[in-house]
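# structure for this input, please:
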Amino acid sequence: MPDARHVVLVHGAWHGAWCWAPLQAELDRRGIPSHAIDLPGHGASVRPLGGLHHDAGHVTDTLDHLGLDDVVLVGHSYGGAVITEAGVGRPDLAHLVYIAAFALDAGESVNGALRSFERQSVALAAAVQMQDDGTTTLDLDLAASALYGACSPQAIKAALRRLSPQPIATMTESVEGSARDHISSSYLRCLRDEAVHPDHQAVMAARCDEQIDIDTDHSPFLSATDLVADHLERIACS
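Numbering: from 1, shown residues only. Have a look, this model is predicted:
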């Protein structure tokens, strides 16, 4: 069997590379190399927070640093917008994977996409708190069910304590292009998601080459780790 492709993981809003740790451990057990990126200002990153283009630039810089060919680039939630922008024009990417993520079209922003979709209610909306410094934070009591509804109590407790502020500019800046124009893509739609509505995910999944439905919450890397690893293994080894 040929060596598996490297998997590069990009987290969503308020999170950090830490959220991928259980999935990376499972990929390790399967012999699949992976790299999780801290977007600027998140997790252990000491870089300043910025907007979508700032985050996408960091991902492209990281890909350049890794110097790999044939990469599987994965984005969760807001991270989908990041990989859509970061992957434009890159010959070193083999496949894009969107996990409950924003598979945006050129000229779209996260907020713009949400406004264009049929209005749906999700629990996350009530958890978001606007701050005077141009960021948002989350009410942790409300965020628990919105983000981690199918996760263990221990995983929820650990995750909530590591959430960090998210710049509003990440949601309002538009992607300038779409890497899906030249890279194959898969979408993992989470059917019990209370952060990005499954109906909205279905619209964005239709923009990808493959849709896979998972009966879990917004954070399947924690709640359905083996299942996500199954799909990534299939893609990385194909």
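# now do the helices in this structure.
21-29, 52-66, 79-86, 110-116, 124-127, 140-148, 153-160, 169-172, 198-205, 220-223, 225-237 (DSSP state H).
# what's the separation between the residue nearest in space to the middle of the chain and residue 130?
The residue lying closest to the centre of the chain (Cα atoms, centre = their mean) is residue 76, at 1.4 Å. The spacing between residue 76 and residue 130, counted by Cβ to Cβ, to the nearest Å, is 23 Å. No exception for glycine: its C-beta is placed from N, CA and C like everyone else's.
# one more: residue 82?
From residue 82 over to residue 130 (counting by Cβ to Cβ), the distance is 22 Å.
# and residue 66, by the same measure?
For residue 66, the distance to residue 130 equals 36 Å [Cβ to Cβ].
# who has more neighbours out of those two?
residue 66 (14 against 10; other Cβ atoms under 10 Å).
# tell me the contacts of that one?
Contact analysis of residue 66 by Cβ atoms under 8 Å, 6 or more residues apart in numbering lists 6, 8, 35.
# so the second one makes contact with residue 37?
It stands for residue 8. Yes - Residue 8 is within contact range of residue 37, at 6.7 Å (criterion: Cβ atoms under 8 Å).
# list residues touching both of these two?
Common neighbours of residue 8 and residue 37 (Cβ under 8 Å, 6+ apart) are 59, 62.
# for the closest residue to residue 85 other than its chain neighbours, give me its contacts.
Excluding the flanking residues, the one nearest residue 85 by Cβ to Cβ, 6 or more residues apart in numbering is residue 56, at 3.9 Å. By Cβ under 8 Å, 6+ apart, residue 56 lies in contact with 82, 85-86, 175.
# now do residue 94
So residue 94 contacts 5, 70-72, 183-184 (Cβ under 8 Å, 6+ apart).
# and it, how far is that from residue 194?
From residue 94 across to residue 194, the span is 32 Å (Cβ to Cβ).
# please apply the same query to residue 107.
Residue 107 is 28 Å from residue 194, by Cβ to Cβ.
# quick one: low-confidence parts of the protein?
Along the chain, the model assigns pLDDT under 70 to residues 1-2.
# circling back: which of the contacts of residue 66 fall in strands?
Using DSSP state E, the subset of the contacts of residue 66 located in strands is 8, 35.
# which of the contacts of residue 66 lies closest to residue 136?
When the contacts of residue 66 are compared for distance to residue 136 (Cβ to Cβ), residue 8 wins out at 25.7 Å.
# that closest one bridge partners, please.
residue 35, residue 73 (DSSP bridges).
# again with residue 185
Bridge pairing for residue 185 - DSSP bridges - gives residue 96.
# spit out the contact partners of it.
Per Cβ under 8 Å, 6+ apart, neighbours of residue 185: 95-98, 103, 207-210.
# quick one: contacts for residue 71?
By Cβ under 8 Å, 6+ apart, the contact list for residue 71 reads 5-8, 63, 92-94.
# excluding its backbone neighbours, what's nearest residue 225?
In space, and not counting its chain neighbours, residue 225 is closest to residue 22: 4.9 Å by Cβ to Cβ, 6+ apart.
# now residue 166
Distances taken as Cβ to Cβ, 6+ apart place residue 13 nearest to residue 166, at 4.4 Å, with adjacent residues excluded.
# neighbours around the one you found, how many?
26.
# repeat that for residue 63.
Close neighbours of residue 63, defined as other Cβ under 10 Å, add up to 21.
# same question, residue 31
Residue 31: 12 neighbours (other Cβ under 10 Å).
# one more: residue 114?
Neighbour tally, residue 114, other Cβ under 10 Å: 18.
# contact partners for residue 70?
Contacts here follow Cβ under 8 Å, 6+ apart; on that basis residue 70 touches 5-6, 92-94.
# can I get the residues you listed in JSON lines with distance to residue 29?
Below are these laid out as JSON lines (distance: Cβ to Cβ, whole Å):
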{"residue": "5", "distance to residue 29": "17"}
{"residue": "6", "distance to residue 29": "16"}
{"residue": "92", "distance to residue 29": "26"}
{"residue": "93", "distance to residue 29": "25"}
{"residue": "94", "distance to residue 29": "22"}
